[in-house]
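# okay, sequence plus prediction incoming.
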Amino acid sequence: MPETSPAPRSSVFRALIREVGKFGTVGAISFAVDLTIFNILLQGGLETLLAKTISTVIATTVAFTGNRFWTWRHRSHDHMARQYTMFFVLNAIGLGIGLACLAISHYGLGQIWPALQSPLADNISGQLIGTAVGTLFRFWSYRRFVFRATSSTTEGTTGQRGEPRAATVARPSAVRDSA
């Protein structure tokens, strides 16, 4: 059956770019919080993985607030407890990705090459590599499982001021995950 009024692909693409930009801004602020707290805890003598865990939990709270009330404010928000719980569960998986990168570098490869046990190497493996891979997972999973599109809106179609408008036909979106 033909669609009644398909949204132009450029409109969907612009909406996705705007969403990625907001997610990136929230992520950059959360990253700064994470980086600052991680290094303060390291300088305070805390063990590397514990310092990373604490800094990530604090940064996650900042990220949830920004994503819920800004990045995906146009999406369903009727089950706050479920969203909050799911956000933290998925973030824990993202944390595991970051911790795995840090542990491989610090404890695995660091046994072979001690330079990889330095604070600089820990920041590169945990903060840059681990955070980058974890961020890709987080964007996909938050969008897919936490801040889901409502049935009354179509992803990427918005009114003049960025508010979602009602969709006439539920149809697959080019930016929606297929899994």
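Okay, I see it.
# where along this protein do the strands fall?
153-158, 164-166 (DSSP state E).
# lowest-confidence stretch among those?
Here these differ in mean pLDDT, and the lowest is strand 164-166 at a mean of 42.
# quick one: stretch 67-79 to chain centroid distance?
Taking Cα atoms, centre = their mean, to the nearest Å, the mean C-alpha location of stretch 67-79 is offset from the chain mean by 14 Å.
# can you show me the CA trace of that stretch as PDB?
Provided in PDB are the C-alpha atoms of stretch 67-79 (Å, rounded to 0.1, in the frame of the first residue of the first chain):
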ATOM      1  CA  ASN A  67      19.400  13.000  27.100                       C
ATOM      2  CA  ARG A  68      16.000  12.700  28.700                       C
ATOM      3  CA  PHE A  69      15.100  16.400  28.900                       C
ATOM      4  CA  TRP A  70      16.900  17.600  25.800                       C
ATOM      5  CA  THR A  71      18.200  15.100  23.200                       C
ATOM      6  CA  TRP A  72      15.100  12.900  23.200                       C
ATOM      7  CA  ARG A  73      12.500  15.100  24.900                       C
ATOM      8  CA  HIS A  74      10.100  14.500  22.000                       C
ATOM      9  CA  ARG A  75      10.000  10.800  22.600                       C
ATOM     10  CA  SER A  76       7.900   8.800  25.000                       C
ATOM     11  CA  HIS A  77       8.500   9.600  28.700                       C
ATOM     12  CA  ASP A  78       5.600   7.900  30.400                       C
ATOM     13  CA  HIS A  79       7.700   5.200  32.200                       C
END
